[in-house]
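K.L.:
Got a sequence here, can you build the structure:
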Amino acid sequence: MAKRTCIFFISLLLLGSPAVLSQDTVTVPLHVRAGFDLSGPVMKLTGRDLTSYGVLASADINSSLAVTAGIRYSSFSASEVIYDFRSRGLSFTAGTDYNFIKANVSQGKYYAGIGLRYGLSFYSEEASMIRYTNEWGAGESSIPAGRHTGHFLEITPGVRTELFRGVTIGWNLYMRLLISAGAGKDLKPVWMPGYGAGTSGMTTGAEYYISFSIPYKKIKVYVKPKTRQSDEDEEGETEGEGREQTSTGNVSGTSRFPGRL
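P.N.:
Residues are numbered from 1 along each chain as shown. Have a look, this model is predicted:
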C-alpha cells in the first residue's frame, strides 16, 4: 500500500511533463465507488468507549467533480466520576468532492482534493447518573433516554490512489462544524454519533477508506497544450541573430574606414 501511495505522489510531478501536456484531449473513465472506513474498527481495538462503522459511496460527474453520500453507525458509552453517559445512532452525509489534479494526470485513478458535505445525526442519549455540587450542597440526578436529530457541516480534504485495478485506498481529514445538536441549548450530548463531542462547536479527525470502483463511462477532456518552440525554429532564430550581428559588424567597419573600398 505504501508503494502505491508513493507512486501517487510522484505522479503529481508529471503535471509539468511535456509529453503529457502536448495532447489536446485525453480520454478519462468516470467511476462509481463504494468504500469502507477502516479507522472505526481500529479505534475499537484501542478503546472501548466508541464503536463506529462507516461506508461511503461516490459517483464521478466529470473529471473533477463527484457526488458523495455516506452512512455511519456509532455508539458511545463513558463512565466518569461525575456522570454515566451513553449514546448511539445513525448519521448520514451528502455532498460533493472536487479533484484539483488535472484530468491528464489523474486519469480517473488519483485524487487530491476537498469535499463539502451536509450531515444529519439521528441518535438517542441518556445519562443514568449525573453528580453535581452547588451552593446548596451535592446531589445526583439523571437524564432519561431521549431521541434527537443533529445537524452539521463537514469539510474533508484528502487523497486517493489506485491500489490495483478496481481497488483504491485513501485518507480523508475532516473538520466538522456543529449547526445544532438537537437536544436543547443546555443539554448538549457528550458524544453525538457521526459528529463527535457535542459540547464542542468543531471536531477534527481522520478516516481511512478502502474502496471498490467500477468505470461506467468514458469522456474526452480538453487539455490546453503547452506551446514549445521546435528545434528548427530555435536554430533559425540563432542563425538569424548571427547574420544580424555580422551585418552590424560590416556597417560599423564601413563607417570607421570611409575611404576604403
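K.L.:
who does the helix or strand Gly139 falls within pair up with?
P.N.:
According to DSSP states H and E, Gly139 maps onto strand 137-164. Using DSSP bridges, the strands paired with strand 137-164 are strand 111-134 (antiparallel), strand 167-180 (antiparallel).
K.L.:
helix or strand right after the shortest one?
P.N.:
Elements were assigned by DSSP H and E; along the chain past strand 167-180, the next helix or strand is strand 202-222.
K.L.:
Would you quantify the distance from the nearest residue to Ile219 once chain neighbours are set aside to Ser106?
P.N.:
Closest residue in space to Ile219, ignoring its immediate chain neighbours: Val28 at 5.8 Å, by CB to CB, 6 or more residues apart in numbering. (C-beta placed from N, C-alpha, C; glycine too.) Computed as CB to CB, to the nearest Å, the Val28 to Ser106 distance reads 7 Å.
K.L.:
hmm, back to that, buried ones in the strand holding Gly139, by neighbour count?
P.N.:
If you call a residue buried by 16 or more other CB atoms under 10 Å, then strand 137-164 has these buried ones: 143, 148, 150, 152-154, 156, 158-163.
K.L.:
that older thread, for the residue nearest to Ile219, give me phi and psi.
P.N.:
phi -120, psi 130 (degrees, to the nearest 10).
K.L.:
neighbours around it, how many?
P.N.:
Residues near Val28, counting by other CB atoms under 10 Å, number 22.
K.L.:
now swap in the one 4 residues further on and tell me
P.N.:
Using other CB under 10 Å, Val32 has 15 other residues around it.
K.L.:
For it, what is the enclosing helix or strand?
P.N.:
Judged by DSSP H and E, Val32 forms part of strand 25-37.
K.L.:
next one: whichever helix or strand comes after that strand to chain centre, how far?
P.N.:
Heading C-terminal from strand 25-37, the first helix or strand you meet, by DSSP H and E, is helix 39-46. Helix 39-46 sits 21 Å away from the centroid of its parent chain (CA atoms, centre = their mean, to the nearest Å).
K.L.:
thinking again about what came up before, any chance you could list what contacts the strand holding Val32?
P.N.:
For strand 25-37, the surrounding residues in contact (CB atoms under 8 Å, 6 or more residues apart in numbering) are 52-63, 72, 103-104, 106-108, 168, 170, 207-223.
K.L.:
same thing with stretch 78-92?
P.N.:
Contacts of stretch 78-92 (CB under 8 Å, 6+ apart): 49, 69-77, 119-132, 189-195.
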